[in-house]
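Student: sequence first, predicted model second:
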Amino acid sequence: MSEDLASVLTKVESDPAVKSVVLISGKPESFFHGADIDMLAACKTSGELQGLSENGQKMLNDLSKGKPKVAAIHGACLGGGLEVALACHYRIATESSKTVLGLPEVKLGLLPGAGGTQRLPRLVGLTTSLDLMLTGKDVRPQKAQKIKLVDQVTDPSALEHAAIQAAEELANGTRKVDRAPKSFVQKAQAWAFEANSFGRDFVFGQAKKNVTNLTLGNYPAPYKIIETIAEGYNKGFDAGLQKEAKSFGELGQTPESKALVSIFKGTTHLKKNKFGKPAKDVKTIAVLGAGLMGAGITQVSVAKGYQVLLKDINHQGLGRGLAQINKNLDGRVKRKAMTAFEKDLTLSRVVPLTDDTPSWKTHFGKADLVVEAVFENLELKHKIIKQMEEIVPSDCIIATNTSALPIHKIAEASKRPENVIGMHYFSPVDKMPLLEIITHDKTSPAVAAAAVEVGLKQGKTVIVVKDVPGFYVNRSLGPYMVETAALVEQGVDLQLLDQAMKEFGFPVGPITLADEVGTDVALHVNAFLSKHLGVRMTGGKIQLMEDLVNKGFLGKKSGKGFYLYDDKKGKKGSKEVNPEVAAILQNLRNGRAPANISKEEIQNRMAFRFINEAIFCLQDGIISGPVDGDIGAVFGIGFPPFRGGPFHYVDRIGAQKFVDTMHSFRDKYGEQFYSRPSGGRPRQVGQEVPPLYLS
């Protein structure tokens, strides 16, 4: 693309008949996505990556000179695509919901490498540019115009005409572009934070503090972004470009960037339906249960065009579910992620039903897929399957949203077990990206293909998992949570344990996680998995959770768990340790003095038990490959993205180090740290490596 653009630029600049230029894409839903990830991954040294950056900078410097250039933007304008638009003299975007602009390089552990770190601050201001580059967030057209990222917003059908008109007027001088601050407040902010070094230093200092608070220093890219922008302000545009190219090269070779790129490639790989195109398209989905999960499944379905029959026992339950959906969509309207009309259109796809609705069976008679999201009770699920099979078409898929119950056990009540499948969504459904599809031994490939296709259309990242207790994510999480109990019993402070795992990279510590999911739920999962995983679920006593549950300390939902929760105090009161837990812990420790355990050992014991169980899942064919395992762990439970997932992380630290550490823990603490011989993992999608043996 760069060679083609350079060639065109040379021609238009030398042709006296050409007065101005419009850059518009021939693709229906994209302006320009940016750099090829595979091309970046192929670079073996920092110097090669720096060279790519310098070439991109030169090309866009040439674009920014000479005759007026207008970027006509429709669809995704991200990364290098936005850098192309920034190099133009004028930008017009369509008001389509498909149009988004952004510089997401930080999500790959990189920074914009074709001049974006220098052009964006000069266009939208320092504080706004820092926000966009440090978060990698998308910007909608109306917001883009407000912050002066684009100059004009138009209807998609008028884009080409508007761009040509703008180009002609820029060329003949009748259109003047004035982006200078207008109001007193805008002028004051520009002077305070950009026009003088003291103000800029304050902004950069605050930005670094915020990055450290959010990432605990685990991601190098945000710091490099801040440094590179500062270089441009302090030493000029050209010095900023030099710093940008050098930093781009350095970041591209960091383990953090390699891990994040691996996740990106894995996610892209999983967008393909491994079962192929379904024989029949699902158009109508019936959801049983309008609780938190049922409402969430309904929301992500109607948002993508499905008609959903949402049924609950009574109007109270149904009303709560509809209110949840309405509230979430209102939030999207407020953020300008959708219009009020689009919200109303989305809600119109929900058909609310209760047991008292005379026509509910008629509606269900047209369903292509039923998703039951009721309580985790096998008898209840059997009753529902039998009832549904008397109502729905014979080829209707019946999916269960169970988080633990074996799918083959649920399917035992079915006359058509080939139509039964597991679809395990994670809560909250509208925010959590992962979907586990669970097939049992009688699930037909056609049903599996249709279920995966629905998940992909809902915007989920889908992994297909074997029908075993806990499936993949919860199964791997089990030993991790048992090790939490073991460490607490040995005297590790609750808050120290939480902080250690947050510093390792998990979004929340294990104590907070137990409170958030509910100590009763954690107890149930622990007891359930202990029956199936044996020694791998030992090390910590189940008594800890039993004592908390018996005292009614169920976590956040009851106001008390390991921590106290007071809504009136907000976040400030959410991390106070429950004083009554101290007595439980003292009794559990039998008066033993707290063990002196280092932060590194805490992190390794916790993380390695999760990783070890993930390896067992790969060995036993529970997941089809390490890519599924990495993506499932990162998107399902928040395994640190900058470590790339459990399998990528073992590759990074070395298999021998993992084995040696597990052996040392086994000798010191017991057989729960046992690992058996294991096959290896591909380092890249489709690239095999020699087997790795763990013993």
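Tutor: Happy to help now that I have it.

Student: so where's the protein shaky on pLDDT?
Tutor: For the chain, residues meeting the criterion pLDDT under 70 lie at 1-2, 567-574, 676-695.

Student: and the helices in the stretch 401-550 of the chain?
Tutor: 407-411, 445-457, 473-489, 494-504, 510-517, 519-533, 543-550 (DSSP state H, counting those that start in this stretch).

Student: I'd like to know which elements the fifth one is packed against.
Tutor: If I follow you right, that is helix 510-517. Judged by 3 or more Cβ pairs under 8 Å, 6 or more residues apart in numbering; DSSP states H and E, helix 510-517 is in contact with helix 473-489, helix 494-504, strand 563-564. For the C-beta atoms, the positions are set from N, CA and C on the backbone; glycine is no exception.

Student: torsion angles phi and psi at the residue nearest to residue 485 when sequence neighbours are not counted?
Tutor: Nearest non-adjacent residue to residue 485, counting by Cβ to Cβ, 6 or more residues apart in numbering: residue 540, 2.8 Å away. Reported as degrees, to the nearest 10, the phi and psi values for residue 540 are phi -120, psi 140.

Student: which residues touch residue 540?
Tutor: 482-489 (Cβ atoms under 8 Å, 6 or more residues apart in numbering).

Student: out of those residues, who's nearest residue 431?
Tutor: residue 484 (24.1 Å; Cβ to Cβ).

Student: residues near the nearest residue to the closest one once chain neighbours are set aside, how many?
Tutor: Ranked by Cβ to Cβ, 6+ apart and with sequence neighbours excluded, the top spatial neighbour of residue 484 is residue 510, at 4.1 Å. The burial count assigned to residue 510 is 25, neighbours taken as other Cβ atoms under 10 Å.

Student: which residues of the stretch 151-300 of the chain fall in strands?
Tutor: Assigned by DSSP state E, counting those that start in this stretch, the strands in the stretch 151-300 of the chain fall at 152-154, 284-288.

Student: Serialize those to CSV and add fields for mean neighbour count and distance to residue 103.
Tutor: Below are the strands of the stretch 151-300 of the chain laid out as CSV (neighbours: other Cβ atoms under 10 Å; distance: least, Cβ to Cβ, whole Å):
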stretch, mean neighbour count, distance to residue 103
strand 152-154, 20, 19
strand 284-288, 25, 36
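
Student: make a markdown table out of those strands and add distance to residue 73.
Tutor: Shown next, in a markdown table, are the strands of the stretch 151-300 of the chain (distance: least, Cβ to Cβ, whole Å):
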| stretch | distance to residue 73 |
| --- | --- |
| strand 152-154 | 10 |
| strand 284-288 | 34 |
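
Student: any idea how far the residue nearest to residue 484 is from residue 3?
Tutor: Distance, residue 510 to residue 3, using Cβ to Cβ, to the nearest Å: 52 Å.

Student: what about the closest residue in space to residue 480 that isn't next to it in sequence, which SS state?
Tutor: With sequence-adjacent residues excluded and distances taken as Cβ to Cβ, 6+ apart, residue 480 is closest to residue 610, at 4.2 Å. At residue 610 the chain is in helix, as set by DSSP: H, G, I helix; E, B strand; the rest coil.

Student: thinking residue 610 is in contact with residue 476, fair?
Tutor: Yes - proximity of residue 610 to residue 476 meets the contact threshold set by Cβ atoms under 8 Å, at 5.4 Å.

Student: contacting residues for the residue lying closest to residue 537 once chain neighbours are set aside?
Tutor: The shortest distance from residue 537 to any non-neighbouring residue, by Cβ to Cβ, 6+ apart, is to residue 530 (4.3 Å). By Cβ under 8 Å, 6+ apart, the residues touching residue 530 are 537-538, 542.

Student: tell me how far residue 112 lies from residue 30.
Tutor: For residue 112 relative to residue 30 (Cβ to Cβ), the value is 18 Å.

Student: now for residue 610 and residue 476: what residues contact both?
Tutor: Here residue 610 and residue 476 share the contacting residues 633, 646, scored by Cβ under 8 Å, 6+ apart.

Student: who has more neighbours out of the two?
Tutor: More crowded of residue 610 and residue 476, by other Cβ under 10 Å: residue 476, with 28 against 21.

Student: that's a helix at residue 353, yeah?
Tutor: No - with three-state DSSP as the criterion, residue 353 is assigned strand and is not in a helix.

Student: hang on, it packs against residue 361?
Tutor: No - between residue 353 and residue 361 there is no contact under Cβ under 8 Å: 9.5 Å.

Student: comparing these two, which residue is more hemmed in?
Tutor: Shown here are residue 353 and residue 361; by other Cβ under 10 Å, residue 353 has more neighbours (21 against 13).

Student: so who does residue 120 touch?
Tutor: 86, 103, 112, 129, 132-133, 149.

Student: neighbour count and secondary structure added to those, as TSV?
Tutor: As requested, the contacts of residue 120 are exported to TSV (neighbours: other Cβ atoms under 10 Å; DSSP: H, G, I helix; E, B strand; the rest coil):
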residue	neighbour count	secondary structure
86	26	helix
103	30	coil
112	29	coil
129	23	helix
132	26	helix
133	27	helix
149	24	coil
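
Student: can you tell me which of those residues is nearest residue 223?
Tutor: Residue 223 lies nearest to residue 133 out of the contacts of residue 120, by Cβ to Cβ, at 11.9 Å.

Student: residue contacts, the closest one?
Tutor: By Cβ under 8 Å, 6+ apart, residue 133 lies in contact with 103, 105-106, 111-112, 116-117, 120, 225, 229.

Student: minimum distance to residue 124: which of the helices of the stretch 401-550 of the chain has it?
Tutor: Of the helices of the stretch 401-550 of the chain, nearest to residue 124 by Cβ to Cβ is helix 494-504, at 32.3 Å.

Student: packing partners for that closest one?
Tutor: In terms of contacts (3+ Cβ pairs under 8 Å, 6+ apart), helix 494-504 is packed against helix 473-489, helix 510-517, helix 599-619.

Student: quick check on residue 22: phi, psi?
Tutor: In terms of degrees, to the nearest 10, the main-chain angles of residue 22 are phi -110, psi 130.

Student: from memory it sits against residue 161, does it?
Tutor: No - under the criterion of Cβ under 8 Å, residue 22 makes no contact with residue 161, lying 10.4 Å away.

Student: the more surrounded of those two?
Tutor: Neighbour count, other Cβ under 10 Å: between residue 22 and residue 161, residue 22 has more, with 21 against 12.

Student: which strand residues bridge the more buried one?
Tutor: residue 70 (DSSP bridges).

Student: please enumerate the helices of the stretch 201-350 of the chain.
Tutor: Assigned by DSSP H, counting those that start in this stretch, the helices in the stretch 201-350 of the chain fall at 221-235, 237-252, 255-269, 292-302, 315-334, 340-347.

Student: hey, which of those helices is tucked in deepest?
Tutor: When you average the neighbours per residue for each of these (mean count of other Cβ atoms under 10 Å), helix 292-302 leads with a mean of 25.

Student: I'm done for today, thanks for sticking with me.
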